[in-house]
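> could you work out the structure for the sequence below:
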Amino acid sequence: MSTIHLGLFLLLCLGVDFLKSSSSGILKRQKRRWIIDSYKIDEGYKGTFPYELGKIKIDKDLIYFEINGPGVDEEPVDVLTINENTGVITVHRPVDFEQFPVLMVELKAFDRKSHLIDTQLGVEIQIIDANDNPPMFYRDRYEISTKEATSQGTELVTLTVTDKDKSEAYRSFDLKIVSVNPEPSELEFYIIRRRQNGIISFKGCLDHEKAEKYTIIVEAKGQGEGPQLSSSSTVVIHVEDGNNHLPVMNGQTGLGKVREGEENVLIKRLQVRDSDTRGTKAWRAKYQIQGDANNHFRISTDPETNEGLLFVEKPLDYEDGAVKNLTISVENEVPYATCKVVGRSTTGLWRVTTGGAASETLSASVGLVTVIVEDVNEPPAFKPPQKEVALVENAEAGKHLETFTAVDPDVASGSTIVYKKGDDPADWVKVNPETGKITTTKVIDRESAFVKDSVYTVTLYAIDNGQPPMTGTATLIIQVVDQNDNAPSLAVSAVDMCQSDGRSLANITGLDPDATPYGGPFTFQLKGTAAAGWKLDATQGYSVNLVKEPTVPSGIYELLLDVFDLQGVKASHNVSVTVCTCKDVTSPNCHQRRGATVSVGAGALAVVFFGIVLLAGVLLLALLVSCEKNSFLFPDDTAEQILMRSNTEKPGSDCMVAWPNLGKIPEQEPPNAGMWKEIHQNGSSTKKHYDWGSEASSFMNSRHRNTDIRWNYQTWGGGKGYSADQDFVRINNLVLSGKLKQRLTALQEPGEELGDYAPHVYAKEGSDAGTHSLLDAISICDTSPGPDLDVDLDSKFNDLASICMKSCNLLPNHT
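Next up is the predicted model:
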């Protein structure tokens with residue numbers, strides 16, 4: 001067994017040595033000999049693709065090749081490939097020198113057996129520049145505008161040309177004008193070369209009327225070795241119309257008329273003709289006026305028609321002249337200019353003449369306008385139209401203030417002028433209609449609302465008797481001088497103050513409508529014995545603070561306060577001061593009651609509420625429960641301070657409740673009186689319904705009958721009770737009459753008889769008249785009323801009946 005293990009160990013050692021020797025032989029780098037030529041690619045190659053660039057040679061057979069880098073798998077891709085067996089490099093497409101002047105590729109040689117890199121080498125492939133780029137203009141199209149009056153030789157536009165070729169031998173180029181459209185007349189365009197730029201200019205004269213624009217084709221052509229490549233650009237030159245035609249007035253301008261006194265009135269339209277392009281500065285006209293020393297006129301240009309619009313700027317006076325002669329001249333917004341070719345030259349500029357218009361041409365741009373001023377009735381003119389006067393206020397009425405005089409400009413008219421008062425808001429003055437004398441009619445008060453800043457303004461009219469009558473206006477400004485005619489007053493005469501541990505303050509402010517020095521600052525003094533505990537923190541100023549000592553209790557106090565102005569004028573005022581405990585001492589307000597300071601808990605509130613409910617229940621029980629433990633009806637007081645109708649006919653068969661304790665009512669019952677009837681019984685509480693027949697009277701009024709509320713009063717603790725259906729009780733009229741008669745007999749004084757009175761008609765059946773009047777008396781007959789008489793009494797009668805009754809028992813106790 002040990003022999004086998006030893007053999008295996010020896011075999012393993014030999015295997016490891018063999019692997020080490022083999023690996024050493026594989027990883028050992030062998031220096032190889034490369035044969036590489038310098039490679040170049042012509043940018044301008046015109047042959048076919050692909051073509052063989054070169055071959056890489058190496059002195060070992062068991063090798064294969066790879067190539068990487070720009071031109072292979074980097075930009076520019078797919079340009080180069082290599083035959084992995086032979087090492088031949090192939091070019092598949094052209095390369096732009098301006099983008100890739102050199103291609104740096106990486107060549108690798110691999111051992112075919114081990115597939116490891118045998119040799120790695122960087123190869124530089126140069127790109128040979130060729131004249132393959134034409135000179136190019138910076139822009140394909142240039143477009144400019146130039147004035148018609150531009151002088152020859154002026155540089156119009158600059159063209160910039162570039163060539164992408166790097167070699168100086170290929171960058172030279174030439175510029176030339178290929179064509180001009182339309183064919184110029186009296187004009188020639190040319191181009192000047194300055195380094196990489198070309199400048200276009202012209203010889204001769206530009207004429208807008210011949211050509212409004214020129215289209216020029218300019219060519220740039222390469223001048224280096226190789227093919228002569230070229231490009232072109234288009235230049236458009238617009239010729240703006242110049243002022244080479246003067247505006248000419250169409251005939252004489254004629255007459256214009258205007259009425260004196262008018263202003264901003266168009267009186268004439270002046271027409272001109274201009275051959276320049278419409279709407280341009282060379283066409284638009286500018287007008288000027290000569291012979292208008294006082295600037296009564298102005299002229300403007302109609303932008304649409306180019307006409308001159310002549311206006312009256314300031315009113316004209318017929319008396320200053322009935323005819324006005326004006327000279328109107330017209331020109332364009334740009335100066336007039338001409339250009340004419342006199343001679344031509346091939347080496348330099350041409351000979352041309354330029355200049356303005358001749359004097360005979362300018363005369364056509366001048367016209368005469370005659371303006372006729374028409375006489376009208378002008379308003380009288382005050383001289384001066386405004387006067388100012390000072391007047392002490394409170395001056396007696398009839399004071400002369402000022403006299404205004406107006407003059408009629410129409411001297412020859414002989415008009416009569418009448419003066420009238422215009423605006424006089426307080427009606428303080430009057431005007432003499434013949435002389436214009438202004439006097440006061442009332443005492444003027446500076447403190448009036450009609451006086452603003454001590455100034456009162458009155459307007460005066462002067463009216464002539466022309467056709468139509470015209471009116472002139474003047475203004476009188478009255479400076480009202482102040483007097484000390486107002487005593488000081490207080491802004492407020494009642495204040496609130498708060499109780500506090502310290503002194504309390506209240507602001508007292510004085511007012512005086514008089515101006516300085518008759519107003520404030522004021523002097524304040526407290527007077528009277530009621531001022532104990534009160535004082536002022538200052539005695540002078542427009543406002544002072546009234547100080548309350550802490551010893552003054554809450555209450556209302558009347559203080560006497562004297563206020564003096566600067567001149568010593570005194571005014572005494574009663575100041576009402578209310579002292580109270582305030583919620584907010586910063587904002588005293590004694591008119592709002594202060595809420596309770598002790599908070600009440602929820603339990604205490606519940607106890608109070610329960611006590612109130614219990615008390616109400618006890619009171620209700622005392623009112624409802626009779627001595628026999630019966631209940632009775634309390635009719636609702638529905639009068640509500642309003643007299644209610646009580647004459648409703650035949651109230652119906654509502655629930656009736658008889659009056660109790662009727663023992664002394666006549667024993668004989670009415671023959672057709674109804675019987676008491678029981679209608680239903682429920683539990684221990686019995687409800688009764690009683691009907692005294694058709695002769696029973698309604699105790700409640702119609703308002704009670706129309707409600708749908710049912711009163712149900714029951715005795716407490718299961719006692720018996722009675723229900724009044726539809727809120728009223730019908731009582732037999734005979735019973736009521738007997739009871740009333742009995743009570744009245746008892747009240748009668750001895751030896752006197754109650755008189756019988758004739759019935760008094762308060763209302764008729766079907767009529768509302770008198771239903772709301774007060775009843776003067778209650779008339780009761782000695783004899784029982786007939787069964788056909790119904791007495792409809794209001795619920796208020798219940799109170800009267802209860803007073804007259806001896807007993808509180810309303811209903812008998814029925815079992």
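> chain neighbours aside, what residue packs nearest to residue 274?
In space, and not counting its chain neighbours, residue 274 is closest to residue 247: 4.4 Å by Cβ to Cβ, 6 or more residues apart in numbering. C-beta here means a position set from N, CA and C on the backbone, and glycine is covered the same way.
> revised request: answer the last question for residue 171.
Closest to residue 171 by Cβ to Cβ, 6+ apart is residue 163, at 4.6 Å.
> repeat that for residue 385.
Counting by Cβ to Cβ, 6+ apart, residue 385 lies nearest to residue 474, which is 5.0 Å off, once chain neighbours are set aside.
> so what does that neighbour have for phi and psi?
Residue 474 adopts backbone torsions of phi -130, psi 160, taken as degrees, to the nearest 10.
> residues in a beta bridge with it, which ones?
On the basis of DSSP bridges, residue 474 takes part in beta bridges with residue 460.
> same check on the one 5 residues further on?
Applying DSSP bridges to residue 479 gives these bridge partners: residue 390, residue 455.
> neighbours of it, how many?
The burial count assigned to residue 479 is 14, neighbours taken as other Cβ atoms under 10 Å.
> quick one, what contacts it?
Residues counted as contacts of residue 479 (Cβ atoms under 8 Å, 6 or more residues apart in numbering) are 388, 389, 390, 391, 454, 455.
> among those, which one has the most neighbours?
Counting by other Cβ under 10 Å, top hit in the contacts of residue 479: residue 391 with 17 neighbours.
> pretty sure that one contacts residue 446?
No. With contact defined as Cβ atoms under 8 Å, residue 391 and residue 446 do not form a contacting pair (9.5 Å).
> overlap in contacts of the two?
Shared contacts of residue 391 and residue 446, defined by Cβ under 8 Å, 6+ apart, are found at 480, 481.
> circling back to that earlier point, how near is the residue nearest to residue 171 to residue 107?
35 Å (Cβ to Cβ, to the nearest Å).
> ok so, going back, any idea of the pLDDT on the residue nearest to residue 274?
With respect to pLDDT, residue 247 scores 89.
> how many neighbours does it have?
Using other Cβ under 10 Å, the number of residues around residue 247 comes to 25.
> quick check: it vs residue 272, distance?
For residue 247, the distance to residue 272 (Cβ to Cβ) stands at 4 Å.
> what sits in contact with each of the two?
Joint contacts of residue 247 and residue 272 (Cβ under 8 Å, 6+ apart) are 285, 306, 330, 365.
> which PyMOL command selects the buried ones in the residues you listed?
The buried subset of these, as determined by 16 or more other Cβ atoms under 10 Å, is captured in PyMOL by this line:
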select buried, resi 285+306+330+365
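> and the furthest pair within the shared contacts of residue 247 and residue 272?
306 and 365 (12.8 Å; Cβ to Cβ).
> quick check: neighbours shared by the two?
With Cβ under 8 Å, 6+ apart as the test, residue 306 and residue 365 both reach 247, 272.
> I'd assumed residue 329 was in contact with residue 290.
Yes. Residue 290 lies in contact with residue 329 (Cβ under 8 Å); the separation is 6.9 Å.
> who's more crowded, these two?
Comparing residue 290 with residue 329 by other Cβ under 10 Å, the one with more neighbours is residue 329, at 16 against 12.
> residues in contact with the more buried one?
Applying Cβ under 8 Å, 6+ apart, the residues contacting residue 329 are 287, 288, 290, 365, 366, 367.
> give me the neighbour count for the nearest residue to residue 485 once chain neighbours are set aside.
Once flanking residues are discounted, residue 485 sits nearest to residue 394: 5.9 Å by Cβ to Cβ, 6+ apart. Neighbours of residue 394 under the rule other Cβ under 10 Å: 14.
> could you list the low-pLDDT ranges of the stretch 301-450 of the chain?
356-364, 411-414 (pLDDT under 70).
> please redo it, this time with the cut-off set to 50
In the prediction, the stretch 301-450 of the chain carries no residues with pLDDT under 50.
> ok, which stretches of it are helices?
For the stretch 301-450 of the chain, the helices defined by DSSP state H, counting those that start in this stretch occupy 359-362.
> what are the boundaries of the strands in it?
Remark: strands assigned in the stretch 301-450 of the chain by DSSP state E, counting those that start in this stretch are 308-312, 323-332, 338-343, 351-355, 366-374, 381-382, 386-392, 400-403, 406-407, 418-421, 429-431, 437-440.
> can you list those strands in TSV and add distance to residue 558?
As requested, these are arranged in TSV below (distance: least, Cβ to Cβ, whole Å):
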stretch	distance to residue 558
strand 308-312	76
strand 323-332	83
strand 338-343	104
strand 351-355	104
strand 366-374	80
strand 381-382	59
strand 386-392	39
strand 400-403	48
strand 406-407	62
strand 418-421	50
strand 429-431	46
strand 437-440	43
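> residues contacting residue 331?
By Cβ under 8 Å, 6+ apart, residue 331 lies in contact with 246, 247, 285, 286, 288, 365.
> residue contacts, the fifth one?
By Cβ under 8 Å, 6+ apart, the contact list for residue 288 reads 299, 328, 329, 330, 331.
> repeat that with 10 Å
Applying Cβ atoms under 10 Å, 6 or more residues apart in numbering, we find residue 288 in contact with 299, 308, 327, 328, 329, 330, 331, 366.
> tell me the angle the helix or strand it falls within makes with strand 366-374.
For residue 288, the element it lies in under DSSP states H and E is strand 285-290. Counting by axes from the mean of the first three to the mean of the last three Cα atoms, to 10 degrees, strand 285-290 lies at 60 degrees to strand 366-374.
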